[in-house]
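*Asks:* predicted structure and sequence below. I'll ask about it afterward.
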Amino acid sequence: MSPGDGESLALTAPVGLFEADRDMILRLVNPAMTAMTGRAPSDLAGRFFRDLLTRSSQLIYALKAEHALVGAGSVQEILLELAHTDGRPRPVLLTVSADGDTRRGVLFAAPERRAYELELVAARQTMLQSLKALESANEKLEQLVADRTAALAQRDLLLREVYHRVKNNLQVVDGLLLLQSRKLADPAALAAIEGLRKRVYAIGLVHHQLMGSANLKTFDVGAFLRDLVAHLQKGAPESIALRIDAAPLNVDLDFAVPLGLLVTELTTNALKHAFPSGAGEVRVVLEAPAEGEVVLRIADNGVGFSDATGTPTPSLGLTIVNGLVRQLHGRIRAVQDNGVAWEARFPAPDAA
Amino acid sequence: MLHRDRVLIVDDEFIIAQTLCVYVEDLGLTVCGTAASADEAVALAVDQRPFIVLMDMRLQGDRDGVDASQEIHERVGSKVVFITGSREPATLARIEGDHPSAVLFKPISEGQLVAVIRRLLEEDPGA
């Protein structure tokens, strides 16, 4: 290669080439520069480079390029617009390198790049708008969630309040029964009222458990039965022991109330009839042996049924027991074997 | 000077108050009055100077059982047995902060109440 080739390269290059001083006053330009600016070389030499730019590009040039040029003397790929004399701006990429006090520059026509940049700017705008819309929607959603959460909390509070009031009212019912019983002398009447008070207590205990339940709907039947049997034990003579063995099982109001009444009924029945000698044991067992099944067993070691055929004597209590078992879609039978053993089987409540 | 045989019953539910009266009288003690609000309770306590006060948490008016109990504690010195249906931690904390002699949870049985009253009478023979 000879030095002359370099000159012809510059003459025919499809990019604008120029040489300027450290203040970026143009000294030498190639023909492409004329095509890009619409100015003859004589009109270009002696001009500040920035005078070739559109007003807005001059700002960009001042912001992005000037500092670097004064410092290191080089910039890379600054997208600018040349103010062509025909009025149509030409997008170009400017790269300048320093050679002592001389600045050597390239102007690369970049209409594609400009179009791309415009697209990007438009896309960014759209995205920012979408983002704003999303943020606004999100705010509304969060407010909605907060409102709903508050409403749910309020509802839970009211539900707890309702259970509390029901429990209170049942206490009032118990109080009325007590006050009435104090006016009676007949032992049968007193016994009848005592029986009623125990049943009311069982219902009240269900509401007590509900009040303490996390979801205000279900609770452990084992804990409930242990509390119930403990209460029944207090009303029983010390010589009769009540034992409870209950598996943990989540139940709701609809299962617990009939079950509680059943346990109350069968246990008090045993207490009344099984132990003429005044001593003995009643065992209450609740099991969930298989998926979907609940078994309740109440067995005493007392004297058994008074009927020779080994069937229980008809009574209000027995009517209630059969009715409640039916309500729970279950079956119940009594077996006489060193006392009386009741066994009831129910489908497990759907509560879980 | 407190009257060991006197019990003040504070409950805004008439029937409940009556049943508590029955239990107290069964023990051979005297119910010196029943009150439904904190103001009434304090007035009766100051006037009758009972050894024991059975105090329900919920009362008529703005002040609750703890408010009444604090004032009775300052002015009379009766032993206050709180009765509450609630297991809310906030309520229990409030009660605990007021030096209760005992706390009973509704529903209260005669046995529970008798045990507590007997204990309070035994613990402090020379009130």
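*Replies:* Looks like it arrived, so ask away. Numbering: from 1, shown residues only, chains lettered A, B, ... in the order given.

*Asks:* low pLDDT regions in the chain?
*Replies:* Looking at chain A here, since you left the chain open. Across chain A, the ranges flagged by pLDDT under 70 are A:1-4, A:308, A:351-352.

*Asks:* my question was about chain B
*Replies:* When the per-residue scores of chain B are filtered using pLDDT under 70, the ranges that remain are B:126-127.

*Asks:* how about the residues of it that lie near chain A?
*Replies:* Taking Cβ under 8 Å from any Cβ of the partner chain as the measure of proximity, chain B contacts chain A at B:13, B:15-16, B:18-19, B:22, B:85-87, B:106-107, B:109, B:111. Where C-beta positions appear, they are placed from N, C-alpha and C, glycine not excepted.

*Asks:* residues touching residue 74, list them.
*Replies:* Picked chain A for this. Applying Cβ atoms under 8 Å, 6 or more residues apart in numbering or on different chains, we find residue A:74 in contact with A:68, A:95, A:96, A:97, A:98.

*Asks:* are any of those residues buried, and which?
*Replies:* For the contacts of residue A:74, burial is judged from neighbour counts taken by 16 or more other Cβ atoms under 10 Å in any protein chain shown, and it is met by A:96, A:98.

*Asks:* just to revisit the earlier point, which pair in the residues of chain B next to chain A spans the largest distance?
*Replies:* Within the residues of chain B next to chain A, two members stand farthest from each other by Cβ to Cβ: B:22 and B:87, at 25.9 Å.

*Asks:* of the two, who's got more company?
*Replies:* Here residue B:22 and residue B:87 are set side by side on neighbour count (other Cβ atoms under 10 Å in any protein chain shown), and the busier one is residue B:22, at 15 against 11.

*Asks:* roughly how far does that one sit from residue B:67?
*Replies:* Using Cβ to Cβ, to the nearest Å, one gets 27 Å for the distance from residue B:22 to residue B:67.

*Asks:* over to residue A:290?
*Replies:* Using Cβ to Cβ, one obtains 55 Å as the distance from residue A:290 to residue B:67.

*Asks:* ok, which stretches of chain A are strands?
*Replies:* Along chain A, counting by DSSP state E, strands occupy A:16-20, A:26-29, A:75-83, A:89-99, A:102-109, A:218-220, A:240-246, A:250-252, A:280-287, A:293-300, A:331-336, A:340-347.

*Asks:* residues near residue A:350, how many?
*Replies:* Based on other Cβ under 10 Å, the number of other residues close to residue A:350 is 10.

*Asks:* who are the neighbours in contact with it?
*Replies:* Neighbouring residues of residue A:350 by Cβ under 8 Å, 6+ apart: there are none.

*Asks:* let's see stretch A:188-208 as PDB, backbone CA atoms only.
*Replies:* Backbone C-alpha positions of stretch A:188-208 (Å, rounded to 0.1, in the frame of the first residue of the first chain) are rendered in PDB as follows:
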ATOM      1  CA  ALA A 188     -88.900 -36.400  90.600                       C
ATOM      2  CA  ALA A 189     -89.500 -32.800  89.500                       C
ATOM      3  CA  LEU A 190     -86.100 -31.800  90.900                       C
ATOM      4  CA  ALA A 191     -84.400 -34.700  89.100                       C
ATOM      5  CA  ALA A 192     -86.200 -33.700  85.900                       C
ATOM      6  CA  ILE A 193     -84.900 -30.100  86.200                       C
ATOM      7  CA  GLU A 194     -81.400 -31.300  87.000                       C
ATOM      8  CA  GLY A 195     -81.500 -33.400  83.800                       C
ATOM      9  CA  LEU A 196     -82.600 -30.300  81.800                       C
ATOM     10  CA  ARG A 197     -79.800 -28.200  83.300                       C
ATOM     11  CA  LYS A 198     -77.200 -30.800  82.200                       C
ATOM     12  CA  ARG A 199     -78.500 -30.800  78.600                       C
ATOM     13  CA  VAL A 200     -78.600 -27.000  78.500                       C
ATOM     14  CA  TYR A 201     -75.000 -27.000  79.800                       C
ATOM     15  CA  ALA A 202     -73.900 -29.300  77.000                       C
ATOM     16  CA  ILE A 203     -75.300 -26.900  74.400                       C
ATOM     17  CA  GLY A 204     -73.600 -24.000  76.100                       C
ATOM     18  CA  LEU A 205     -70.300 -25.800  76.100                       C
ATOM     19  CA  VAL A 206     -70.500 -26.200  72.300                       C
ATOM     20  CA  HIS A 207     -70.800 -22.400  72.000                       C
ATOM     21  CA  HIS A 208     -67.900 -22.000  74.400                       C
END
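
*Asks:* buried residues of it, list them for me.
*Replies:* In terms of neighbour count (16+ other Cβ under 10 Å), stretch A:188-208 has its buried residues at A:193, A:195, A:197-208.

*Asks:* just those that are near chain B?
*Replies:* The subset of the buried residues of stretch A:188-208 lying close to chain B, counting by Cβ under 8 Å from any Cβ, consists of A:201, A:204, A:205, A:208.

*Asks:* widest-spaced pair of those?
*Replies:* Every pair in those was compared (Cβ to Cβ); the two farthest apart turn out to be A:201 and A:208, at 9.9 Å.

*Asks:* report the set of residues contacting both of the two.
*Replies:* Residues touching both residue A:201 and residue A:208 by Cβ under 8 Å, 6+ apart: residue B:107.

*Asks:* what's the residue in chain A positioned nearest to chain B in contact with, if anything?
*Replies:* Distances between chain A and chain B by Cβ to the nearest Cβ are smallest at residue A:175, namely 3.9 Å. By Cβ under 8 Å, 6+ apart, the contact list for residue A:175 reads B:15, B:16, B:18, B:19.

*Asks:* what does residue B:37 give?
*Replies:* Contacts of residue B:37 were listed using Cβ under 8 Å, 6+ apart, and they are B:12, B:59, B:60, B:61, B:63.

*Asks:* the residues you listed, buried ones only, as a ChimeraX selection?
*Replies:* A single ChimeraX command selects the buried members of those (16+ other Cβ under 10 Å):
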select /B:12,59,63
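
*Asks:* before we move on, the earlier item: just the ones in helices from the buried residues of stretch A:188-208, please.
*Replies:* Among the buried residues of stretch A:188-208, the residues falling in helices (DSSP state H) are A:193, A:195, A:197-208.

*Asks:* could I get the full set of helices for chain B?
*Replies:* Taking DSSP H as the criterion, chain B carries its helices at B:14-26, B:38-48, B:65-75, B:89-96, B:110-123.

*Asks:* can you say which of the ones you listed is nearest to residue A:270?
*Replies:* The closest of these to residue A:270 is helix B:110-123. By Cβ to Cβ, the value is 20.8 Å.
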